[in-house]
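A.B. asks: below are the sequence and a predicted model for it; my questions follow.
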Amino acid sequence: MISLVKRYRYLLARRVVQLGLLGLYLAGNVAGWSVLKGNLSSSLLFGTVPLADPFALVQIFATGALVSMSVVVGAVIIALFYALVGGRAFCAWVCPMNMVTDAANGLRRALMLDKSERKVWLGRGVRYWVLGLSLVLSFALGVAAFEMVSPIGILHRGVIFGMGMGFAAVLSIFLFDLFGVKNGWCGHVCPLGAFYAILGQWSAVRVMHHQPSCTLCMKCKEICPEKQVLETIGKRSGAITMGACINCGRCVEVCEDNALSFGVRRYIHQNE
């Protein structure tokens, strides 16, 4: 039991955080709790501290609209946290869609769909094009384009206020990841993930690699949803610095050589 818990410790921790946040938002909007009120786009912590989605704010600015100072402050708080500390951790630890895509990819592995001859190619750079397109459309249409169709927002609001037809959007992402592209939504399409990859590329908390302990079993790459971030595995010690890393910890869990762990990156004289 202990080894099983150790193997899935970060996965379990992520689910606790994700479900806990959903529960707090639900309690805030339904039962009137003051811990978290609102949604992922804009909310209040303890009824006082504003929190806001910085990517949503950038889209709003692209429309030319004005927002309240509390929204700006809330977006700056979130942006600074991920830029300086968490990196792209939002995708693995906060985003509710991560649970949907993880379920799809778990079923994909169980059904061995990756071993089939049918391959669908989609470059990981697509998400950056979608990010840019979101800003262009926001400017052209005068509305926050991605926020209007975001399955992340649809799922989050659906849990709090009722899913309705939003279930179709969530199901489409699940089927896309299951039968289409492995890690398709989070790893190839989602502009919010691209935004946090750019924002958090210099963040402090990182997966650290100890090269002398590595036996090149490559179990880390098999499980990683962003395999390209582990390009230095077995080559040199140091932090996994690519902004696309979501700090999910799955590589740490499956590494039987204890060659991977979480740590704080060094910015001076770092051996990477």
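C.D. replies: Received the coordinates, thanks.
A.B. asks: can we go C-alpha only for contacts and neighbour counts from here?
C.D. replies: OK.
A.B. asks: surely residue 204 is in contact with residue 84?
C.D. replies: Yes - under the criterion of CA atoms under 8 Å, residue 204 makes contact with residue 84 at 6.0 Å.
A.B. asks: which one of these two has more residues nearby?
C.D. replies: Higher neighbour count among residue 204 and residue 84: residue 204, with 20 against 15, using other CA atoms under 10 Å.
A.B. asks: Provide a list of residues in contact with that one.
C.D. replies: 84, 85, 86, 87, 264, 265, 266 (CA atoms under 8 Å, 6 or more residues apart in numbering).
A.B. asks: how about residue 98?
C.D. replies: For residue 98, counting by CA under 8 Å, 6+ apart, the contacting residues are 91, 92, 186.
A.B. asks: confirm it sits in a helix?
C.D. replies: Yes - remark: residue 98 belongs to a helix, assigned using DSSP: H, G, I helix; E, B strand; the rest coil.
A.B. asks: for it, give me the pLDDT.
C.D. replies: With respect to pLDDT, residue 98 scores 96.
A.B. asks: if I look at it, how far off is residue 163?
C.D. replies: Counting by CA to CA, to the nearest Å, the gap from residue 98 to residue 163 is 17 Å.
A.B. asks: got it, and residue 123?
C.D. replies: 31 Å.
A.B. asks: neighbour count: the two, which is higher?
C.D. replies: Between residue 123 and residue 163, counted using other CA under 10 Å, the more crowded position is residue 163 (15 against 10).
A.B. asks: one step back: of the contacts of residue 204, select the buried ones using a ChimeraX command.
C.D. replies: Buried residues within the contacts of residue 204, by 16 or more other CA atoms under 10 Å, are selected in ChimeraX with:
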select :85,86,87,265
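A.B. asks: just the ones of the contacts of residue 204 in strands?
C.D. replies: Counting by DSSP state E, the contacts of residue 204 place residue 264 in strands.
A.B. asks: now the contacts of residue 204 as CSV including distance to residue 127 and pLDDT?
C.D. replies: Putting these into CSV (distance: CA to CA, whole Å; pLDDT from 0 to 100) gives the following:
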residue, distance to residue 127, pLDDT
84, 22, 95
85, 23, 95
86, 20, 93
87, 17, 94
264, 27, 94
265, 26, 88
266, 29, 80
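A.B. asks: output the contacts of residue 204 as JSON lines; include the columns distance to residue 159.
C.D. replies: Rendered in JSON lines, the data for the contacts of residue 204 read as follows (distance: CA to CA, whole Å):
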{"residue": "84", "distance to residue 159": "30"}
{"residue": "85", "distance to residue 159": "28"}
{"residue": "86", "distance to residue 159": "25"}
{"residue": "87", "distance to residue 159": "26"}
{"residue": "264", "distance to residue 159": "35"}
{"residue": "265", "distance to residue 159": "36"}
{"residue": "266", "distance to residue 159": "40"}
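A.B. asks: tell me the one of the contacts of residue 204 nearest residue 114?
C.D. replies: Using CA to CA, residue 87 comes nearest to residue 114 of the contacts of residue 204, at 28.8 Å.
A.B. asks: what's the separation between the closest one and residue 200?
C.D. replies: The value you get for residue 87 to residue 200, if CA to CA is used, is 4 Å.
A.B. asks: overlap in contacts, those two.
C.D. replies: residue 243.
A.B. asks: isn't residue 52 right next to residue 40, touching?
C.D. replies: Yes - with contact defined as CA under 8 Å, residue 52 counts as touching residue 40 (6.9 Å).
A.B. asks: give me the more crowded residue out of the two.
C.D. replies: Applying other CA under 10 Å to residue 52 and residue 40 shows that residue 52 carries more neighbours, namely 24 against 21.
A.B. asks: ok, the more buried one - contacts?
C.D. replies: Residue 52 sits in contact with 40, 41, 42, 43, 71, 72, 73, 74, 75, 76, 78, where contact means CA under 8 Å, 6+ apart.
A.B. asks: thanks a lot, see you next time.
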